[in-house]
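Asks: missing the sequence, but the structure's below:
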Ligand SMILES: [Zn+2]
């Protein structure tokens, strides 16, 4: 069994300095959510809620699991970009 780094629980780290991620509880676990201002939305993303594109220049939300999945190098690497309304529809 490989040892897991459980000794130190790292606090949530923001993706960008100056803004902070918020911990949100959903039916499938705890997520960190950070708002992405329109000025930072410089690439199109596919929203996992509706499967449509989050266009460049649209303010949206980024979320990632509080705990990284097994085998994942980092929870932040699992982040997804959501339409704000799609994220708010999640439970
Ligand atoms: Zn969507």
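Replies: Right, received. Where do you want to start? Note that the structure is predicted; figures quoted are calculated from it, not measured.

Asks: next secondary structure after the lengthiest strand in the chain?
Replies: As assigned by DSSP state E, the longest strand anywhere in the chain is strand 29-36. Later in the chain than strand 29-36, the nearest helix or strand by DSSP states H and E is strand 45-46.

Asks: check the offset of stretch 45-58 from the chain's centre.
Replies: 14 Å (Cα atoms, centre = their mean, to the nearest Å).

Asks: tell me which residues in that stretch are buried?
Replies: 45, 47, 49, 54 (16 or more other Cβ atoms under 10 Å). In short, each C-beta sits where N, CA and C put it, glycine included.

Asks: burial measure for residue 41, as a count.
Replies: Applying other Cβ atoms under 10 Å, we find 18 residues neighbouring residue 41.

Asks: now do the SS call for the residue sitting nearest the centre point of the chain.
Replies: The residue lying closest to the centre of the chain (Cα atoms, centre = their mean) is residue 63, at 1.7 Å. Here residue 63 is strand, with the state taken from DSSP: H, G, I helix; E, B strand; the rest coil.

Asks: where does the protein have low pLDDT?
Replies: Counting by pLDDT under 70, the chain has low-confidence residues at 1-19.

Asks: rerun that using 90 as the cut-off
Replies: Applying pLDDT under 90 to the chain picks out residues 1-20, 28, 68-70, 72-73, 76, 90-91.

Asks: distance of the closest residue to residue 74 other than its chain neighbours from the ion?
Replies: Of all residues not flanking residue 74 in the chain, residue 68 sits nearest, at 5.8 Å (Cβ to Cβ, 6 or more residues apart in numbering). Remark: distance between residue 68 and the ion (Cβ to the ion, to the nearest Å) = 24 Å.
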